[in-house]
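**Student:** Make a model of this:
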Amino acid sequence: MPDFDYEAWWSLQLRVAKGETLLAQEAQAYQAGLGDLDSQTEPVEGDTVLYLRTLRAAISRAADQHATLTARSAELDTKIAALEDLLN
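**Tutor:** A predicted model of the protein is given here:
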């Protein structure tokens, strides 16, 4: 990428992180930006990669637990509403 515009790329990165779908041209610019950033990055040591993978696994487990708790909270809210209706 001759003229890498980090701010423009970052706005695409935020959209990708939010799960938005990019247009074909945006996706191409996003991938080109990733390639540019990767070419500037120095290799990461093995211990750092292992640490990052461990963190990623912990975050994934926490996200799963959060989803479970959110579903349980919704169930309890429904039961509470039903009980409140019985009292009224």
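**Student:** could you say which helix or strand contains Ala67?
**Tutor:** Using DSSP states H and E, Ala67 sits within helix 46-87.
**Student:** How far off centre is that helix?
**Tutor:** 15 Å (Cα atoms, centre = their mean, to the nearest Å).
**Student:** Equivalent analysis for stretch 33-40, please.
**Tutor:** 20 Å.
**Student:** same thing with stretch 43-55?
**Tutor:** Using Cα atoms, centre = their mean, the offset of stretch 43-55 from its chain centre is 19 Å.
**Student:** any idea of the mean pLDDT in it?
**Tutor:** Stretch 43-55 shows an average pLDDT of 86 in the prediction.
**Student:** And Lys79, how close does it get to Ser73?
**Tutor:** Lys79 sits 11 Å away from Ser73, going by Cβ to Cβ, to the nearest Å. For glycine as for every other residue, the C-beta is placed from the backbone atoms N, C-alpha and C.
**Student:** show me the contacts for the closest residue to Leu12 other than its chain neighbours.
**Tutor:** Once flanking residues are discounted, Leu12 sits nearest to Tyr30: 4.4 Å by Cβ to Cβ, 6 or more residues apart in numbering. Residues near Tyr30 by Cβ atoms under 8 Å, 6 or more residues apart in numbering: Trp9, Leu12, Gln13, Val16, Leu22.
**Student:** Export stretch 34-42 to CSV, keeping only CA atoms.
**Tutor:** Provided in CSV are the C-alpha atoms of stretch 34-42 (Å, rounded to 0.1, in the frame of the first residue of the first chain):
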residue,chain,number,x,y,z
LEU,A,34,-3.6,-5.7,7.4
GLY,A,35,-0.9,-6.8,5.0
ASP,A,36,0.9,-3.4,5.4
LEU,A,37,0.7,-3.6,9.2
ASP,A,38,1.9,-7.2,9.2
SER,A,39,4.9,-6.2,7.0
GLN,A,40,5.9,-3.6,9.6
THR,A,41,5.5,-5.9,12.6
GLU,A,42,8.6,-7.7,14.0
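**Student:** I appreciate the help and will end here.
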